[in-house]
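Participant: What shape does this take:
(chains A, B, C and D)
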Number of protein chains: 2
Amino acid sequence: MIQDKKLNIINAAMKSFSHFGYKATTMDQIAKIAQVGKGTIYTYFSSKEDVLNEIIKLYVIEMRQVARGAIIQEDPFVKNFNAALHAITKFQEEHELMIKLSQEVKDMGTPEVIEVLQEVEDEICEFIEMKITAAIQRGELQKCDPKMTAFLMFKMYINLVNDWKERHQALDQDEITGFIKMYFIEGIGNKK
Amino acid sequence: MIQDKKLNIINAAMKSFSHFGYKATTMDQIAKIAQVGKGTIYTYFSSKEDVLNEIIKLYVIEMRQVARGAIIQEDPFVKNFNAALHAITKFQEEHELMIKLSQEVKDMGTPEVIEVLQEVEDEICEFIEMKITAAIQRGELQKCDPKMTAFLMFKMYINLVNDWKERHQALDQDEITGFIKMYFIEGIGNKK
DNA sequence: AATTGACCGTTATAGTATTATAGTCATTAT
DNA sequence: ATAATGACTATAATACTATAACGGTCAATT
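Facilitator: I've put the predicted structure just below:
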């Protein structure tokens, strides 16, 4: 029952953050949606930012599960990389939370939101890093700094999925897998 | 003499844009620094934005020369890529214009400035694209879409030079060349 | 023909009054 | 006792308004 109330509040806040963003959501609104008094929120959370952080904590857990679910053990590294990132992207599109928060960062720059989005990005990079480390041990990838490789692969994925389409035609999932493989795994140098 | 006055104005505007940014620079200020009446500016330029655009046009020409100057014909592609980008970066650091304008975009989002910065980025990408096309013809690089390759290489360079150092240790020029070569040219896949 | 700065309509800024908000806490309900 | 509540408060955001600054024009001047 105590967990029930906390979950109520989290769900209410999630809903409101997703619809209106972090700043535009008031504690009164959360209380109203959750059907609790505003004071009750402060029994379970220390502040508005704390509510956001707890939501992101849960979100990240879900996201990790989604990413794990996209992995197929026998498949090669690049394919799994793309599958996981694609699953995460789809997950984020389904739950408008991240989209709304990204927008908010873009046009208001809310510091608390910048911070949590960075956390989510770090989390994704850490996930990729794990997979890279494993792939290196398996001998599928050459020795390289897994943290930097994860960082660069993630950035390239975002570049391909989001940034490229701003100036050119959008790419589909298979094209993206192909490009990541070509540029990152095989390299475009000609061995002599 | 007529060019002299136009150049005066351009230099004055360049100085002011570099010091105070685009928005914070007034036409009166430009006129004062250039020691001309404000009306005179409008003999040579149609608007404030036009002044900015002409400045960027000249800036891009200079930048291209700097990039060309960094290229050594006999050197391999990656080395030249890094040399050119490094030269551009140094050039931008010396002339505070781009730094100031980047700041302005970050914390005010001035549309005119966003546009010209995008132009500069496009210009750099086009320069890289040319070099890539040449390297493919030379047989130094495999066949690939030069536009996309240029785009991705540029982004990776920025990721390594700017973004990585925000969360980890900054990298020096040789390290960056090494990483670009490793990830982009050679690839990190293990051929079986 | 080129240059100029006072001038104009519009936009931005500063100052202020008002509202809205995050967080508290005495009261109430359980 | 403990948990829940919403009126309350100090602070921060917003709306409003008066003022200043701005980009751009143009009649007067060189």
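Participant: and chain A, what are its domains?
Facilitator: A:1-45, A:48-186 (automatic domain parsing).
Participant: May I see these organised as CSV, with mean pLDDT and mean neighbour count added?
Facilitator: Just so you know, the C-beta spots here come from the backbone N, C-alpha and C atoms, and that holds for glycine as well. Putting the domains of chain A into CSV (pLDDT from 0 to 100; neighbours: other CB atoms under 10 Å in any protein chain shown) gives the following:
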stretch, mean pLDDT, mean neighbour count
domain A:1-45, 93, 16
domain A:48-186, 96, 17
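Participant: So which residue is smack in the middle of chain A?
Facilitator: Residue closest to the mean C-alpha point of chain A, counted by CA atoms, centre = their mean, is A:Val120 at 4.9 Å.
Participant: OK, contacts around that one?
Facilitator: A:56, A:59-60, A:63, A:98 (CB atoms under 8 Å, 6 or more residues apart in numbering or on different chains).
Participant: Check whether the strand or helix carrying A:Asp122 comes near DNA strand C.
Facilitator: For A:Asp122, the element it lies in under DSSP states H and E is helix A:111-138. No. For helix A:111-138, no contact with DNA strand C is found by CB under 7 Å from any atom of the strand; the gap never falls below 9.9 Å.
Participant: Briefly note if the helix or strand following that helix comes near chain B.
Facilitator: Per DSSP H and E, the first helix or strand lying C-terminal to helix A:111-138 is helix A:146-158. Yes. Using CB under 8 Å from any CB of the partner chain, helix A:146-158 comes into contact with chain B via A:147-149, A:151-152, A:155-156.
Participant: Is there proximity between the helix holding A:Asp122 and DNA strand D?
Facilitator: No. Helix A:111-138 lies out of reach of DNA strand D by CB under 7 Å from any atom of the strand, never closer than 10.0 Å.
Participant: what angle do that helix and helix A:146-158 make?
Facilitator: What separates the directions of helix A:111-138 and helix A:146-158 is an angle of 110 degrees, with axes from the mean of the first three to the mean of the last three CA atoms, to 10 degrees.
Participant: what about helix A:111-138, distance to the chain center?
Facilitator: On the basis of CA atoms, centre = their mean, to the nearest Å, helix A:111-138 sits 9 Å off its chain's mean C-alpha point.
Participant: How about stretch A:56-64?
Facilitator: Using CA atoms, centre = their mean, the offset of stretch A:56-64 from its chain centre is 8 Å.
Participant: Run through who's touching it.
Facilitator: So stretch A:56-64 is contacted by A:10, A:88, A:91-92, A:95, A:97-98, A:116, A:119-120, A:123-124, A:127 (CB under 8 Å, 6+ apart).
Participant: dump the residue contacts of A:Asn8.
Facilitator: A:34-36.
Participant: give me the element it is part of.
Facilitator: Remark: A:Asn8 resides in helix A:2-20, with elements defined by DSSP H and E.
Participant: rewinding a little: can I get the domains of chain A in TSV including distance to B:Ile185?
Facilitator: Converted to TSV, the domains of chain A look like this (distance: least, CB to CB, whole Å):
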stretch	distance to B:Ile185
domain A:1-45	43
domain A:48-186	10
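Participant: I'd like to know which residues of chain A are adjacent to chain B.
Facilitator: Residues of chain A found near chain B (CB under 8 Å from any CB) are A:78, A:139-142, A:144, A:147-149, A:151-152, A:155-156, A:159-160, A:163-164, A:168, A:179, A:181-190.
Participant: Filter the residues you listed to keep only those in contact with DNA strand C.
Facilitator: Near DNA strand C, by the rule CB under 7 Å from any atom of the strand, you find none of those.
Participant: which one of the residues of helix A:146-158 next to chain B is nearest A:Ala24?
Facilitator: A:Lys155 (29.8 Å; CB to CB).
Participant: Not counting sequence-adjacent ones, nearest residue to that closest one?
Facilitator: In space, and not counting its chain neighbours, A:Lys155 is closest to B:Asn159: 4.8 Å by CB to CB, 6 or more residues apart in numbering or on different chains.
Participant: picking that back up, between the residues of helix A:146-158 next to chain B, which is nearest DNA strand D?
Facilitator: A:Lys155 (31.5 Å; CB to the nearest atom of the strand).
Participant: follow-up on the earlier one: check contacts around the residue nearest to A:Lys155.
Facilitator: A:151-152, A:155.
Participant: what do you get for A:His95?
Facilitator: Here A:His95 is in contact with A:18, A:59 (CB under 8 Å, 6+ apart).
Participant: now it: how far from B:Lys48?
Facilitator: In this view, A:His95 and B:Lys48 are 44 Å apart by CB to CB, to the nearest Å.
Participant: helix/strand/coil for the residue in chain A positioned nearest to DNA strand D?
Facilitator: Residue nearest to DNA strand D within chain A: A:Gly39 (1.9 Å; CB to the nearest atom of the strand). Put simply, A:Gly39 is helix when judged by DSSP: H, G, I helix; E, B strand; the rest coil.
Participant: you'd agree A:Glu129 is up against A:Cys144?
Facilitator: No. Between A:Glu129 and A:Cys144 there is no contact under CB atoms under 8 Å: 11.1 Å.
Participant: Could you list the contact residues of chain A toward DNA strand D?
Facilitator: Counting by CB under 7 Å from any atom of the strand, chain A sits next to DNA strand D at A:2, A:5, A:23, A:31, A:36-40, A:42-43.
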